[in-house]
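A.B. asks: Sequence and computational prediction follow.
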Amino acid sequence: MKDNTNDNKAASCLPGGLMPAEQWTLPQTSVRRSLKDAIRHALTQLQAGVSQAEEPFESMDELPELSAAQQRRLAPEPDYAHQAEAIACSLKQARSSGSLSREVVCLVAPPFSGMQQALTRFSEPEQPGSIQSSDETWRVIAPPETLCFDDQEASKWWDRQDLSRPWVIPELADFWLRSLSGLALIRELFRRIANGDSGVGIVGCSSWCWRYWGHYLENAQMSPWTPAPMDADRLGAWFTYLASGSGRSTIVARMTGDGLYVLPLAEADDAENSKSRKKRKYSTFLRDLAATSRGNPGVALAIWQRSLRARPDDDAKLEETDDKTDKQSQAADCWVVPLGRLSLPSMPQSKESVTGFVLHGLLLHNGLDMASLEAVTGVSTYELSLVLSRLKRAELVACDPLDQRWQVTPIGYPTVRRHLQSWGFPLDQF
Amino acid sequence: MFEDLGVKDAFASITGQALLKAILVVVIASLITVAVQKVLPRVAEKLGGKPRLYLLASVPLLRLLIIFATIVIVVPILVEPSFENMVAIFGALALALGFAFKDYANSLIAGIVTLYEMPYRPGDWIEVGGQYGEVRAIGTRAAEIVTPDDTVVIIPHNKLWNSLIANGNDGTDNLMCVADFHLEANHDVGRVRELLRDVAFTSPRTKTWQPVLVIVFNKPWGMHYRLKAYPFDPKEQFQFISELTARGSAELARQGVKFVSVPVSVG
């Protein structure tokens, strides 16, 4: 019984579970949508030199964006502890079915998938129901302060790590720098994994970093696993799960323009077996969102948060709902702005190569501070600060005030990826 | 002779109105061609990357289509398109071109051949007759390339018949660059190859999904290494080679591997 509950929770917070990376496919979209996106991208590039005023996001809708309280209620950030449980559960299933037999499993996910945050939770005592032996706790291996090592130093560093009990690396991209002395740690880790003397472990890795190392170590066959892509149904189920919190309420979301339903999903409605609900017409918003975000949950959530609208007086209503007991469930209404009317961040016009180096460097390393970015790109600090401030104004990058690391924003990721592709930079596979 | 060919009969039916119409069509076609040649390259520069190459390559193809469409429209306006008339007109045209404008016609025909054989397209990096540069435009008679020193070189298309044309990227954005290192012997060759490979892989300009190769030759004076890799944009090739050379040299010096130098004789 408890297993069933856990399985349901896992299915909700990690829809589709994990799958071998080579089976991953891009969520499908309509030809009309693809053409619209391509034309919009081309026009954005052409207009970049003409008008430079539209860098900050501008809402085209009359209804106000969600307040912080509304966002926490309707589209909150996921609980990564649950996601960690779901990952553990999925890995356990894969092992028991025989589709996963390696001692060290590599989990590759595009940026903002929440994989790193979830794997970090693996070391917490109640996490997770363990993959192989329930009495073992997982040890998180943190990266060293400095990443510049030669081969001997890297070998010594790994010797100091306890690999005899299950270990987890939440993000492999934190273990290297794209410089001559910054490759040794990962090279040594892969050597040990290939030799089979690294024990049981999980390596979480950003898809960009993985792609790079896939090219660098062309003969390494790691058979990575990845979260299933978020198609329309999975996105709908996930957004519903996030908004439901501990299951107190359901969410009803409708398009602002034509009133078509986005949530609840059509299947959930069918289960209710209500005639009036069967007559509902549904929007293609989730399908378009899945395609725009390339099945990436973090990006989809960021766009979802941007596209949601609620009336100002709904704030009070929502707070009341939170105060009520669990039994008094209540539907929370919100409105969704069509994707075509959202002005998502666009790329400012600047020297292509420098902007590309910066954005590509940030994605390869899952975020970098200024000094490391300078080492990786070869661009001077002065020029970097100019480029980063432009990209920040355009909402494409953001700096974490705690560790001063620059990162690409989830909302800007689709634009960044598309531009890097058209500039000829190496991309990830997702 | 022209009477024998039937040209006189073919053109006998041309009226002033038809002539005006034909001139109008040719003028419009010329304007469209000029517009295509001016506008598309500008749009292509804005787009960058692969779209730029595709758009640049479409310019000569569009011009060919316009020329073809113009002929198809103009000929029936001027003469009745019967078999005899066509033979007469094209026969006379061939004679005139053959005798009066032999070289010019040679280049024109070669120009048409380049449009479908595509030995070079706008955006390609080519070397013809010792001149290396990026193809900027393909005209009716000649192609224009811009050298790395920003000099425009006009290359008549008839070079196609008897010259060797080296094309670095052949319509794609994949252009292999080579950085040479001439080193003294007596060092760990395997280590140096590994190191040079890392130099390419750690350059932000490298297309990592393309092969990165380090080739080594044993020469009487020492070892000759060739580091081969692809930059993300063919336009970056000189920056790329410079960066590989500078970083490679610095690292080799740090590892204690020495470069050979040839004595220079002055005077």
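C.D. replies: Done, it's in.
A.B. asks: so A:F239 sits right up against A:P76, yeah?
C.D. replies: No. Using Cβ atoms under 8 Å as the test, A:F239 is too far from A:P76 to be in contact (10.3 Å). In this view, the C-beta of every residue, glycine as well, is placed from N, C-alpha and C.
A.B. asks: Compare these two and say which is more crowded by neighbours.
C.D. replies: A:F239 (26 against 13; other Cβ atoms under 10 Å in any protein chain shown).
A.B. asks: Tell me how far A:V252 lies from chain B.
C.D. replies: 42 Å (Cβ to the nearest Cβ, to the nearest Å).
A.B. asks: chain center to the helix or strand hosting that residue, what's the gap?
C.D. replies: Assigned by DSSP states H and E, A:V252 belongs to strand A:251-255. The chain centroid and the centroid of strand A:251-255 are separated by 23 Å under Cα atoms, centre = their mean, to the nearest Å.
A.B. asks: Show me what that strand is packed against.
C.D. replies: Packing contacts for strand A:251-255, counted by 3 or more Cβ pairs under 8 Å, 6 or more residues apart in numbering or on different chains; DSSP states H and E, involve helix A:232-244, strand A:261-263, strand A:332-336.
A.B. asks: can you list contacts of the shortest one?
C.D. replies: Yep, that's strand A:261-263 we're talking about. Identification of contacts with strand A:261-263 by Cβ atoms under 8 Å, 6 or more residues apart in numbering or on different chains yields A:236, A:239-240, A:243, A:251-255, A:280-283, A:285-286, A:336.
A.B. asks: residue contacts, B:V135?
C.D. replies: B:120-126, B:143-145.
A.B. asks: just the strands in the stretch 301-430 of chain A please.
C.D. replies: Taking DSSP state E, counting those that start in this stretch as the test, the strands found in the stretch 301-430 of chain A are A:308-309, A:332-336, A:397-399, A:406-408.
A.B. asks: closest to chain B out of those strands?
C.D. replies: strand A:406-408 (15.4 Å; Cβ to the nearest Cβ).
A.B. asks: that older thread, now, among the contacts of B:V135, which is nearest to chain A?
C.D. replies: For these, the nearest to chain A is B:G123 (12.5 Å; Cβ to the nearest Cβ).
A.B. asks: hang on, that closest one packs against B:E134?
C.D. replies: Yes. Using Cβ under 8 Å, B:G123 is in contact with B:E134, at 6.9 Å.
A.B. asks: What residues does the stretch 51-200 of chain A have near chain B?
C.D. replies: A:178-180, A:182-183 (Cβ under 8 Å from any Cβ of the partner chain).
A.B. asks: Where does the stretch 101-250 of chain A get nearest to chain B, which residue?
C.D. replies: Residue nearest to chain B within the stretch 101-250 of chain A: A:H215 (4.2 Å; Cβ to the nearest Cβ).
A.B. asks: Surely that residue is in a strand?
C.D. replies: No. The assignment for A:H215, made by DSSP: H, G, I helix; E, B strand; the rest coil, is helix rather than a strand.
A.B. asks: who touches it in this structure?
C.D. replies: A:426, B:201, B:208-209.
A.B. asks: Which pLDDT value goes with it?
C.D. replies: The model reports A:H215 with a pLDDT of 94.
A.B. asks: Mean pLDDT and mean neighbour count for the strands of the stretch 301-430 of chain A - can I get that in JSON lines?
C.D. replies: Shown next, in JSON lines, are these (pLDDT from 0 to 100; neighbours: other Cβ atoms under 10 Å in any protein chain shown):
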{"stretch": "strand A:308-309", "mean pLDDT": "87", "mean neighbour count": "22"}
{"stretch": "strand A:332-336", "mean pLDDT": "78", "mean neighbour count": "21"}
{"stretch": "strand A:397-399", "mean pLDDT": "96", "mean neighbour count": "19"}
{"stretch": "strand A:406-408", "mean pLDDT": "96", "mean neighbour count": "22"}
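A.B. asks: Now tabulate the ones you listed in TSV and tack on distance to chain B.
C.D. replies: Shown next, in TSV, are the strands of the stretch 301-430 of chain A (distance: least, Cβ to the nearest Cβ, whole Å):
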stretch	distance to chain B
strand A:308-309	34
strand A:332-336	32
strand A:397-399	16
strand A:406-408	15
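A.B. asks: any idea how the chain splits into domains?
C.D. replies: Picking chain A for this. Domain assignment of chain A by automatic domain parsing yields the ranges A:2-11+A:79-227, A:60-76+A:230-341.
A.B. asks: Let me rephrase: I mean chain B.
C.D. replies: Split by automatic domain parsing, chain B gives B:2-100, B:125-167, B:177-254.
A.B. asks: now the ones you listed in CSV, with mean pLDDT?
C.D. replies: Below are those laid out as CSV (pLDDT from 0 to 100):
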stretch, mean pLDDT
domain B:2-100, 78
domain B:125-167, 89
domain B:177-254, 95
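A.B. asks: out of those, deepest packed?
C.D. replies: Mean neighbour count (mean count of other Cβ atoms under 10 Å in any protein chain shown) peaks for domain B:177-254 among these, with a mean of 18.
A.B. asks: wait, does that domain make contact with chain A?
C.D. replies: Yes. Counting by Cβ under 8 Å from any Cβ, chain A is contacted by domain B:177-254 at B:195, B:198-199, B:201-202, B:204-205, B:207-209, B:232-233, B:236, B:243, B:247, B:251.
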